[in-house]
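>>> next comes the sequence, and after it the predicted model I'd like to discuss.
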Amino acid sequence: MKKIALHWKILIGMILGIVFGFIMTSIAGGKDFVSDWIKPFGTIFINLLKLIAVPLILASLIKGISDLKDISKIKKMGLRTIIIYVMTTVVAIVIGLSIVNVVAPGNGMPQETIEKIKERYSSSADVTDKLDKAKAQNDAGPLQSLVDIFPSNIFKSFSEAKMLQIIFFALFIGISLLLIPEKKAKPLVRFFDSLNEVIMKMVDLIMLFAPYAVFALLANVIVAFDDTEILLKLVAYSACVIAGLLLMVIFYMILIAIFTKKSPVWFLKQISPAQLLAFSTSSSAATLPVTMERVEEHLGVDKEVSGFVLPVGATINMDGTSLYQAIAAVFIMQVLWPEGLTFTNQLLIVLTALLASIGSAAVPSAGMVMLVIVLETVGFPAELLPIGLALIFAVDRPLDMCRTTVNVTGDATVSMIVAKSLGKLRDPKPKDWDDLYDKVKG
Ligand code: ASP
């Protein structure tokens, strides 16, 4: 029998999870059953991915940098990566702003609906939690984000999964390895090379569990949803975000065709398991190991490029999130503060959404925290902030799933372009996900 491709298995798991979630919502006690007995399997899966993310970044980056053999190449790669990331993010924000201004989903929202949403969400713990987090971030000094890149205790960075700190540490080791005699560097390089291989295999093994895990994750998303009525009122807003995200994917496909001369459809097919996981977990950080595996083994990007571009991208390149922030900020202003929608403010949104998406953590709903900062920068009245967040809260999770998918696709696209420009894109030699599985099973 022909083996079903992994992305189909994951897709089937997702659909069954959604159907199961709906069935459980209509059964007495079904919601509790899902959160007590189904959701934990999704959590285990995410834990496993997070477990290997830190050693994977460390191993692949140190190995990759030491393979580059030339510090000027590292500079070139770093510069190109950052410039392309910033450019794609600006495109995303401009797409978002154009759509939300043309469609104007917030104009004419009935007062009664606003009141209902306000009552339901504005003092909910989730909304106040986002506001508190945004305040803490805002209170820090202007150079705090720079200071935060340099760790004083790497074990603390590991345990808190501080990506940029870990990337800095790995680069530091990688560059120092290049500067010592090769004979002395070799044992450490070989150690990280071997660690990298082992972790890649761990990704394969974890992915065998993916179809079941996405079932659990999506069933839980469905039962956690309880306000279909409010959801319907936000259809126009959600449609704007989704349309913008789709345009972004088309934009990536054009970039792939132009800069790498590869087929965009082939690209999407190869990266699809990572996209489906991004959608199911709403976390580019948790998806990172799979993104790296797909990009290296299935798209043919060399480790030295993917090991740098992807972890950096998961942290600072969030095109989906920045597009969402632009649309959400303007939508909230259209509903609650239309007089604030000046041209200058929209330009300010471009700038702050760019910085905010760089500063957003790669975890579920981080984009919403940064949205508060975007709104504050344009002078949005503080007393309206909880209502503003409440407005978009009901649809945040599904939109988070979609924007995370775009974030991951963007990182993969840029890694292909950077690799091509450095001559580090080769023909991939795809392995099966479960290659050697029989041997592992014993
Ligand atoms: N969940 C997104 C990510 O992990 C961030 C966000 O937009 O909330 O990429």
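Nice, thanks for sending it over.
>>> now for Asp148: which residues touch it?
Asp148 makes contact with Lys162, Leu164, Gln165, according to C-beta atoms under 8 Å, 6 or more residues apart in numbering. For glycine as for every other residue, the C-beta is placed from the backbone atoms N, C-alpha and C.
>>> cool, and Ile254?
Contact analysis of Ile254 by C-beta under 8 Å, 6+ apart lists Pro264.
>>> same question, Ser145
Gly359.
>>> gap between it and the ligand?
Separation of Ser145 from the ligand (C-beta to the nearest ligand atom, to the nearest Å) stands at 16 Å.
>>> same deal with Gln270?
Counting by C-beta to the nearest ligand atom, the gap from Gln270 to the ligand is 20 Å.
>>> tell me where the stretch 1-150 of the chain has helices.
Secondary structure of the stretch 1-150 of the chain, counting by DSSP state H, counting those that start in this stretch: helices at 6-25, 30-33, 39-68, 71-103, 111-121, 125-139, 144-147.
>>> what helix or strand is the closest residue to Phe20 other than its chain neighbours on?
Leaving aside its sequence neighbours, Phe20 sits nearest to Ala219 (C-beta to C-beta, 6 or more residues apart in numbering; 4.8 Å). Assigned by DSSP states H and E, Ala219 falls within helix 210-224.
>>> mind listing what's buried in that helix?
210-223 (16 or more other C-beta atoms under 10 Å).
>>> C-terminal to the helix or strand containing Gly244, what's the next element?
For Gly244, the host element (DSSP H and E) is helix 235-255. Later in the chain than helix 235-255, the nearest helix or strand by DSSP H and E is helix 264-281.
>>> mind giving me the packing neighbours of the helix or strand that that next one is followed by?
Using DSSP H and E, the helix or strand that directly follows helix 264-281 along the chain is helix 284-293. Packing contacts for helix 284-293, counted by 3 or more C-beta pairs under 8 Å, 6 or more residues apart in numbering; DSSP states H and E, involve helix 39-68, helix 182-207, helix 264-281, helix 303-316, helix 396-421.
>>> so who does Thr344 touch?
Here Thr344 is in contact with no residues (criterion: C-beta under 8 Å, 6+ apart).
>>> thought the residue nearest to Phe20 was touching Val34?
Yes: when contacts are counted by C-beta atoms under 8 Å, Ala219 is listed as touching Val34 (5.3 Å).
>>> can you list residues touching both of those two?
By C-beta under 8 Å, 6+ apart, the residues touching both Ala219 and Val34 are Phe20, Gly21, Met24.
>>> as CSV, these with neighbour count, pLDDT and distance to Leu143 would be great.
Listed next are these as CSV, based on neighbours: other C-beta atoms under 10 Å; pLDDT from 0 to 100; distance: C-beta to C-beta, whole Å:
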residue, neighbour count, pLDDT, distance to Leu143
Phe20, 19, 96, 49
Gly21, 24, 94, 45
Met24, 20, 95, 49
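>>> residue contacts, the residue in the stretch 151-300 of the chain positioned nearest to the ligand?
With C-beta to the nearest ligand atom as the measure, Ser284 is the residue of the stretch 151-300 of the chain nearest to the ligand, at 3.6 Å. Residues near Ser284 by C-beta under 8 Å, 6+ apart: Ala278, Thr291, Ala314, Met318, Ala362, Thr404, Asn407, Val408, Asp411.
>>> swap in 10 Å and give it another go.
163, 274, 277-278, 291, 310, 313-315, 317-318, 320-321, 360-363, 366, 403-408, 410-411 (C-beta atoms under 10 Å, 6 or more residues apart in numbering).
>>> roughly how far does it sit from Val363?
The gap separating Ser284 from Val363 is 8 Å, by C-beta to C-beta, to the nearest Å.
>>> ditto for Ile258
For Ile258 relative to Val363 (C-beta to C-beta), the value is 33 Å.
>>> between the two, point out the one with more neighbours.
The residue with more neighbours, out of Ile258 and Val363, is Val363; 18 against 10, by other C-beta atoms under 10 Å.
>>> for the closest residue to the more buried one other than its chain neighbours, phi and psi?
In space, and not counting its chain neighbours, Val363 is closest to Ser283: 5.2 Å by C-beta to C-beta, 6+ apart. Phi and psi for Ser283, reported as degrees, to the nearest 10, are phi -140, psi 110.
>>> contacting residues around Ser283?
46, 49-50, 277, 314, 361-366, 400-401, 404, 407-408.
>>> wait, Leu179 sits on Ile71?
Yes: between Leu179 and Ile71 a contact is recorded at 8.2 Å, counting by C-beta atoms under 10 Å.
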